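K.L.:
What follows is a predicted structure for the sequence shown.
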Amino acid sequence: MTAAPSDQLISIVIPAYNEEDVLHELQRRLMLVLNRLPMRHEIIYVDDGSQDTTVDIIKTFRDADPSIGLVKLSRNFGKEIALTAGLHATRGDCVVVLDADLQDPPELIPQMVAAWQGGADVVNMRRNSRAGETLFKKWSAHSYYRILNKLSDVTIPEDVGDFRLMSRKVIQALNSLPESNRYMKGLFAWVGFTQVTQLYDRDARAAGLVKQNYPKLLALALEGITSFSVKPLRIISLVGLMCALIAFGLTAFYLLKAIFVGDSVRGFPTLIVSLFFLGGLQLVGMGILGEYLGRMFIETKRRPLYFIDEQLPSHSPTRDNS
Ligand code: UDP
Ligand code: MG
């Protein structure tokens, strides 16, 4: 039933945003690995609206090797959408998602393929170490995953980035998801299927600067929580209820105090403190509501996820030649 390995096609998806400094090294290391695999390959580069020479470099790669495809998006849509566009363009029996900056070593692809051939549908690559990342980034990433998993209904594996291998089945499932808020790490976990996890040492960025800045990461973090959990909504209702109960108790207390002890004009600090406390709580509550409402607003518009400026397909023939 399964095709002979040499008949199989592996697709590599690489989102790239202003990555001219690393592309040559990436392509060199990637080809070394792919040429040794006993299967055919295609590489789909997604240019996420780069302003530098990223597209030109990819085109020179493609001139030299027709197994390379290019999806050039019409502007910078962010990594999640770039990945989505790349996955849509793949035809492989299995697909590996790779960062352009060589933080995910391509040399690990053979062992990922081996796990897939052993029956896994998703091979998650879990980071053992994070070289070249600041202490703050390590700490914030760690705490974030813990909070996310406490809140969300699917378990999103900690320290697993987007670097992974997925079978055709999984790609079809992912491609069938219509939502425009795409938190890929969450969706990868949400679709299910047989998942295995391998450990690896994450390298430092080979060259160039980090393209995912903190504002982008913060937006992604919020997206992760609000697309995979409605618990924050429940938490604010509970906190609201608790505040109401406390206020109720306080009213009774002050009433009794006024009757039995008498009232003075003191208590101004208490008043101000509780005013700010309740005002703050209400604003936080409204903010959380707003996050969900905003997401619903975006989803109801049903806009296409991205626009393609230019698409150059790869020329690895598909297995069934269809
Ligand atoms: N990337 C992208 N669009 C963006 C930001 C980043 O396609 O708007 C790509 C980038 O080119 C790289 C990958 O996403 O291949 C990871 O980005 P980066 O290394 O800057 O972030 P990290 O995840 O390592 O913090
Ligand atoms: Mg990186």
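P.N.:
Nice, thanks for sending it over. Residues are numbered from 1 along each chain as shown. Ligands and ions are numbered 1, 2, ... in the order given.

K.L.:
which helices and strands does the longest helix anywhere in the chain pack with?
P.N.:
Counting by DSSP state H, the longest helix found in the chain is helix 268-301. Helices and strands touching helix 268-301, by 3 or more C-beta pairs under 8 Å, 6 or more residues apart in numbering; DSSP states H and E, are helix 214-228, helix 231-260. All C-beta spots, glycine's among them, are computed from the backbone N, C-alpha and C.

K.L.:
Now it: buried residues?
P.N.:
Neighbour-count burial for helix 268-301 flags Gly285, Ile288, Glu291, Arg295 (criterion: 16 or more other C-beta atoms under 10 Å).

K.L.:
next SSE after it?
P.N.:
Reading on from helix 268-301 to the C-terminus, the next helix or strand found by DSSP states H and E is strand 308-312.

K.L.:
Quick check, pLDDT for the residue located most distally from the centre of the chain.
P.N.:
In terms of distance from the mean C-alpha position of the chain, Phe260 ranks first, at 60.6 Å (C-alpha atoms, centre = their mean). Phe260 is assigned 84 on the pLDDT scale.

K.L.:
How about Ser322?
P.N.:
40.

K.L.:
same thing with Asn124?
P.N.:
On pLDDT, Asn124 comes in at 90.

K.L.:
Doesn't it belong to a strand?
P.N.:
Yes. Using DSSP: H, G, I helix; E, B strand; the rest coil, the secondary structure at Asn124 is a strand.

K.L.:
and it, what does it touch?
P.N.:
Contacts for Asn124 (C-beta atoms under 8 Å, 6 or more residues apart in numbering) come out as Pro157, Val160, Arg164, Phe188, Gln195, Val196, Thr197, Gln198.

K.L.:
excluding its backbone neighbours, what's nearest Tyr292?
P.N.:
Thr226 (5.9 Å; C-beta to C-beta, 6 or more residues apart in numbering).

K.L.:
I meant to write Gln195 there.
P.N.:
Using C-beta to C-beta, 6+ apart, the nearest residue to Gln195 is Val122, at 4.3 Å.

K.L.:
any idea how far the nearest residue to Ile298 once chain neighbours are set aside is from Ala204?
P.N.:
Nearest non-adjacent residue to Ile298, counting by C-beta to C-beta, 6+ apart: Ser180, 5.7 Å away. Distance of Ser180 to Ala204, computed by C-beta to C-beta, to the nearest Å: 33 Å.

K.L.:
higher neighbour count, these two?
P.N.:
Neighbours per residue, other C-beta atoms under 10 Å: of Ser180 and Ala204, the larger number sits with Ser180, 17 against 12.

K.L.:
The more buried one: what's it in contact with?
P.N.:
Counting by C-beta under 8 Å, 6+ apart, Ser180 has contacts Ile298, Glu299, Lys301, Arg302, Arg303, Leu305.

K.L.:
returning to that earlier point: quickly list what the residue nearest to Gln195 is bridged to.
P.N.:
For Val122, the beta-bridge partners under DSSP bridges are Met166, Gln195.
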